[in-house]
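Student: sequence-free structure coming up:
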């Protein structure tokens with residue numbers, strides 16, 4: 001390949017990245033509270049996926065109709081998200097969160113943190129005992145899924161509670177570092193991403209803008225997290241190798257299109273992956289009661305088929321690939337389903353805001369807010385992760401509500417009545433950038 005060809009590929013990829021990023025922002029900007037929103041950080045993978053797919057199509061490794069599929073599904077998903085965004089107000093969401101946290105005393109936060117630390121220590125001990133490092137953590141997660149879901153829900157709730165005004169900032173940082181450190185034995189490469197989320201939401205509550213300096217340090221924190229986990233769990237031998245691990249993961253965000261179309265994995269798995277669409281969608285819920293919709297997710301099946309090896313790891317089965325598997329070239333089914341998926345996934349944010357405004361229980365309010373913040377981001381990359389996050393958050397919320405009943409002196413007190421401001425959904429607070 002000559003130098004002009006390489007330059008043309010770089011230009012095509014860069015244009016695809018910019019156009020996709022701009023499209024995602026324009027459709028979802030009403031639900032984004034600042035640049036460190038999980039909805040931004042996780043969905044950075046979408047522009048990289050678009051850039052990789054364009055390069056694959058330009059070089060004739062993947063047919064152009066797959067780029068059309070990706071584009072149409074993404075647009076339908078974003079349209080559904082934009083409809084849901086009309087019911088969300090950043091200003092009113094901030095006030096709901098601040099009033100809900102104002103009800104929380106420091107001793108109540110510490111009680112929740114103790115529960116979270118105990119569960120996290122139990123999971124860490126299981127991870128160390130079973131060798132849940134690197135890609136082996138997926139097998140570990142499959143065996144111990146209920147306790148992992150509970151730990152994740154408690155962890156996310158703890159992140160929000162550490163923003164309560166009753167908790168001094170130095171102590172909040174100490175608890176945050178402790179929780180992240182205990183999560184290392186069973187975490188993935190993005191072990192420090194929760195710290196970035198926490199900083200971003202803290203600035204949002206304080207009506208402070210995200211500056212370039214904050215973005216720089218946040219990107220550095222994520223890179224350091226990838227480096228640390230690369231050294232500890234993925235056997236990278238040098239900082240350079242860890243850097244390649246980080247950059248390759250970004251560039252290869254859309255590697256599912258290589259497995260599915262360049263190497264014809266999607267066509268091959270049809271014969272030995274007899275799963276209905278309903279069973280596939282409901283699997284994160286039904287598997288908790290022993291009813292498994294499938295043995296391995298679609299990404300793992302693609303990896304197993306292409307690599308000719310039975311593996312549990314695999315690419316994120318992005319929404320276009322999942323819909324193409326179940327409804328091949330049937331755009332009459334694919335596009336409405338993509339739109340409804342966007343509506344339901346992004347709709348978790350206004351729904352969480354509505355629940356937090358409507359209920360009296362402080363932990364139900366906190367759980368609804370946590371779901372609104374952390375559940376929607378992965379909807380396009382792997383919709384099942386949204387259901388998994390919601391299950392974990394609901395399980396942790398139910399546990400805290402139950403503990404509030406049996407441990408009232410520590411966890412319960414008379415809730416304060418608040419009148420939440422009815423800000424119009426389109427109000428843009430000055431603190432967003």
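Tutor: Looks like it came in fine. Since we're looking at a predicted model, the values are computed, not measured.

Student: okay, CA-based contacts and neighbour counts for the rest of this
Tutor: OK.

Student: count of residues packed around the residue lying closest to residue 157 once chain neighbours are set aside?
Tutor: Among residues not flanking residue 157 along the chain, residue 370 sits closest, at 6.2 Å (Cα to Cα, 6 or more residues apart in numbering). Using other Cα atoms under 10 Å, residue 370 has 28 other residues around it.

Student: Now name the helix or strand holding residue 370.
Tutor: Following DSSP states H and E, one finds residue 370 within helix 362-374.

Student: what about that helix, distance to the chain center?
Tutor: Here helix 362-374 is found 15 Å from its chain centre; the criterion is Cα atoms, centre = their mean, to the nearest Å.

Student: Over to stretch 302-316?
Tutor: The answer for stretch 302-316 is 22 Å, by Cα atoms, centre = their mean.

Student: what's next to it, contact-wise?
Tutor: Here stretch 302-316 makes contact (Cα atoms under 8 Å, 6 or more residues apart in numbering) with 135, 138-139, 254-256, 259-260, 263-266, 268-269, 296, 299-301, 381-382.

Student: C-terminal to the helix holding residue 370, what's the next element?
Tutor: That would be, after helix 362-374 and using DSSP H and E, helix 383-406.

Student: picking that back up, which among the contacts of stretch 302-316 end up buried?
Tutor: 138-139, 254-256, 259-260, 263-266, 269, 296, 299-301, 381-382 (16 or more other Cα atoms under 10 Å).

Student: so where's the stretch 101-250 of the chain uncertain?
Tutor: Where the stretch 101-250 of the chain drops to pLDDT under 70, the residues are 130-142, 188-189, 229-246.

Student: let's go with 90 and repeat that
Tutor: 103-105, 107, 123-148, 180-194, 209-250 (pLDDT under 90).

Student: which phi and psi does residue 209 have?
Tutor: Main-chain dihedrals, residue 209, degrees, to the nearest 10: phi -80, psi 150.

Student: thought it was touching residue 203?
Tutor: Yes - in this structure residue 209 lies within contact range of residue 203 using Cα atoms under 8 Å: 7.0 Å.

Student: burial count for residue 118?
Tutor: There are 13 residues near residue 118, going by other Cα under 10 Å.

Student: nope, residue 309 is what I was after
Tutor: Neighbours of residue 309 (other Cα under 10 Å): 10.

Student: Over to residue 87?
Tutor: 18.

Student: Isn't it up against residue 352?
Tutor: No - between residue 87 and residue 352 there is no contact under Cα under 8 Å: 11.0 Å.

Student: Among the contacts of stretch 302-316, name the ones in helices.
Tutor: Applying DSSP state H to these, the entries found in helices are 138-139, 256, 265-266, 268-269, 299-301.

Student: If we only consider these, which is nearest to residue 13?
Tutor: Relative to residue 13, the closest of the ones in helices among the contacts of stretch 302-316 is residue 256; by Cα to Cα it sits at 17.0 Å.

Student: which residues touch that closest one?
Tutor: Residues in contact with residue 256 (Cα under 8 Å, 6+ apart) are 299, 315-318, 321.

Student: Quick check: the farthest pair among these?
Tutor: 315 and 321 (10.9 Å).

Student: From residue 286, how far off is residue 250?
Tutor: 32 Å (Cα to Cα, to the nearest Å).

Student: Same question for residue 195.
Tutor: According to Cα to Cα, residue 195 stands 32 Å off from residue 286.

Student: Settle it for me: which of these two has more neighbours?
Tutor: Using other Cα under 10 Å, the more surrounded residue of residue 195 and residue 286 is residue 195, with 17 against 14.

Student: Sticking with that one, tell me its helix or strand.
Tutor: helix 193-205.

Student: Repeat that for residue 294.
Tutor: Here residue 294 is assigned to no helix or strand, by DSSP H and E.

Student: Next, count neighbours for it.
Tutor: The number of residues packed near residue 294 is 15, by other Cα under 10 Å.

Student: so residue 197 touches residue 34, yeah?
Tutor: No - contact between residue 197 and residue 34 fails when scored by Cα under 8 Å: they sit 10.3 Å apart.

Student: Now do the shared contacts for those two.
Tutor: Joint contacts of residue 197 and residue 34 (Cα under 8 Å, 6+ apart) do not exist.

Student: centre of the chain versus the helix or strand hosting residue 129, how much separation?
Tutor: Using DSSP H and E, residue 129 sits in helix 106-130. On the basis of Cα atoms, centre = their mean, helix 106-130 sits 21 Å off its chain's mean C-alpha point.

Student: Just the buried residues of it, please?
Tutor: Result for helix 106-130 [16+ other Cα under 10 Å]: buried residues 106, 108-113, 115-117, 119-121, 123-127.

Student: Kindly calculate the angle that that helix makes with helix 383-406.
Tutor: With axes from the mean of the first three to the mean of the last three Cα atoms, to 10 degrees defining the directions, helix 106-130 sits at 130 degrees from helix 383-406.

Student: Now, the contacts of residue 256 that are in helices?
Tutor: Judged by DSSP H, the subset of these located in helices is 299, 321.

Student: quick one: which of the contacts of residue 256 is nearest residue 216?
Tutor: Proximity of the contacts of residue 256 to residue 216 (Cα to Cα) peaks at residue 316, which lies at 26.7 Å.

Student: Could you tell me how far stretch 297-305 lies from the centre of the chain?
Tutor: With Cα atoms, centre = their mean, you get 20 Å for stretch 297-305.

Student: cool, and stretch 49-66?
Tutor: Distance of stretch 49-66 from the chain centroid (Cα atoms, centre = their mean) equals 25 Å.

Student: tell me the mean pLDDT for that stretch?
Tutor: In this model, stretch 49-66 has an average pLDDT of 93.

Student: separation between the nearest residue to residue 364 once chain neighbours are set aside and residue 376?
Tutor: Take residue 364 and drop its neighbours on the chain: the residue closest to it by Cα to Cα, 6+ apart is residue 397, 6.4 Å away. Using Cα to Cα, residue 397 is found at 18 Å from residue 376.

Student: do residue 71 as well
Tutor: From residue 71 across to residue 376, the span is 20 Å (Cα to Cα).

Student: Of these two, which one has the most company?
Tutor: The neighbour count for residue 71 versus residue 376, taken as other Cα under 10 Å, is higher for residue 376 (25 against 15).

Student: Quick check, that one in contact with residue 40.
Tutor: No - in this structure residue 376 lies outside contact range of residue 40 using Cα under 8 Å: 10.7 Å.

Student: Kindly calculate the angle that the helix or strand hosting residue 174 makes with helix 193-205.
Tutor: Element membership of residue 174, judged by DSSP H and E, is helix 169-183. With the same axes, to 10 degrees applied, the angle from helix 169-183 to helix 193-205 works out at 150 degrees.
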